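Enquirer: My questions are about this predicted structure, shown below with the sequence.
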Amino acid sequence: MTKIAFIGVGNMGNPMARNLLKAGHQVTAFDVVPDLLAKAAEAGATAASSAGEAVAGAEVVVTMLPAGKHVDQVYREGILGKAPKGALLIDCSTIDVATARAVHEAARAGGYAMVDAPVSGGVGGAEAATLTFMVGGSDDAVARARPVLENMGRTIVHCGGPGNGQAAKICNNMMLGIQMASVAEAFVLAEKLGLDAQRLFDVSSTASGQCWSLTTYCPVPGPVPTSPANRGYAPGFAAALMLKDMGLALQAAKASGADVAVAEKAASLYQDYADAGEAGKDFSGIINLIRARASAE
């Protein structure tokens, strides 16, 4: 049994913390939203009144927070200097690479081992403990983190040094955002041409158009019964989160001088979809924006 502090028990953090509890670990949780903290406590976690209280005595600290500014603040004000020296710090948030590396350095200077370990797999993967972790950090820190991550996910990939987990996540989700937009455009084109959606799926799911956005998250109802399209686009991964990740990709591209013209166009589509009041819907609902624009022409 490991004493684990878990900071941020929202849609993703709550099932991840539950899986740590199921694995027999002692989990102390904190969240700034009282209802989320209460939900974690109902699952068996010990509720703390602050991040500092949660990490006191912890051997491992796991964070799952909305953005880089939250990670920076929580680590500098609530974790570093309050968690025992030598504790392992695992940040599973999806944030910008620069902030991730800055927090790594602050942790190292404070005597802590740290990894950045953003995830892929959504709420379903968090609940089923089948997440993919993209991990950045030293070999020793990653080796220490692996047994903990294996309680929450199926695939753990060491992507390199500090911040490289975030780099991998940003690149992966940039591909995902582009692919979903392209799949949605293809299905709308098929509708315009009189091609049945199931027939298109039957072809493309076994041909060169095959991708996760098609075979797992198909944006039209029917072909993939478990996709959000069959639940009114209730979010597995909200459009607001995809827009955030596309923004991180564009920010990284600008800083590094990479040409991401296709990603820029895809990001503008998600921005328009969010601006239309659909930020809380699943990102695959982008097909509704594309369909509406096609009908208006």
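Expert: Okay, I see it.

Enquirer: Name the single longest strand found in this protein.
Expert: Secondary structure of the chain per DSSP state E: the longest strand is strand 153-160.

Enquirer: now the following helix or strand past that one: how far from the chain's centre is it?
Expert: Counting by DSSP states H and E, the next helix or strand C-terminal to strand 153-160 is helix 164-193. Centroid separation between helix 164-193 and its chain, computed with C-alpha atoms, centre = their mean, to the nearest Å, is 15 Å.

Enquirer: swap in stretch 93-105?
Expert: On the basis of C-alpha atoms, centre = their mean, stretch 93-105 sits 15 Å off its chain's mean C-alpha point.

Enquirer: Mind listing residues that contact that stretch?
Expert: Applying C-beta atoms under 8 Å, 6 or more residues apart in numbering, the external contacts of stretch 93-105 come out as 8, 63-72, 75-76, 91, 114, 116, 118-119, 136-137, 162-163, 165-167, 169-170, 173, 244-245, 248, 251-252, 255. Yep, even glycine has a C-beta here, placed from its N, CA and C like the rest.

Enquirer: got it, and stretch 1-10?
Expert: Contact with stretch 1-10 is made by 13, 16-17, 20, 24-31, 33, 36-37, 39-40, 45, 48, 51, 54-55, 57-66, 74, 78-79, 83, 93, 148, as judged by C-beta under 8 Å, 6+ apart.

Enquirer: Between the two ends of it, what distance do you get?
Expert: End-to-end distance of stretch 1-10 (C-alpha to C-alpha, to the nearest Å): 24 Å.

Enquirer: quick one: that stretch to chain centroid distance?
Expert: Computed by C-alpha atoms, centre = their mean, the chain-centroid distance of stretch 1-10 equals 17 Å.

Enquirer: neighbours of residue 183, just the number please.
Expert: Neighbour count of residue 183, defined by other C-beta atoms under 10 Å: 26.

Enquirer: in stretch 51-66, what's buried?
Expert: Buried residues in stretch 51-66, counted by 16 or more other C-beta atoms under 10 Å: 51-55, 58-65.

Enquirer: how long is that stretch end to end?
Expert: The first residue of stretch 51-66 is 15 Å away from its last residue (C-alpha to C-alpha).

Enquirer: Sort out for me which of the contacts of stretch 1-10 are in strands.
Expert: Residues of the contacts of stretch 1-10 located in strands (DSSP E): 26, 27, 28, 29, 30, 60, 61, 62, 63.

Enquirer: These into a markdown table, with extra columns for pLDDT?
Expert: Formatted as a markdown table, the ones in strands among the contacts of stretch 1-10 follow (pLDDT from 0 to 100):
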| residue | pLDDT |
| --- | --- |
| 26 | 98 |
| 27 | 98 |
| 28 | 98 |
| 29 | 98 |
| 30 | 98 |
| 60 | 98 |
| 61 | 98 |
| 62 | 98 |
| 63 | 98 |
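
Enquirer: Secondary structure element holding residue 241?
Expert: Per DSSP H and E: residue 241 is located in helix 239-256.

Enquirer: quick one, that helix and helix 164-193 angle?
Expert: Using axes from the mean of the first three to the mean of the last three C-alpha atoms, to 10 degrees, the direction of helix 239-256 lies 120 degrees away from that of helix 164-193.
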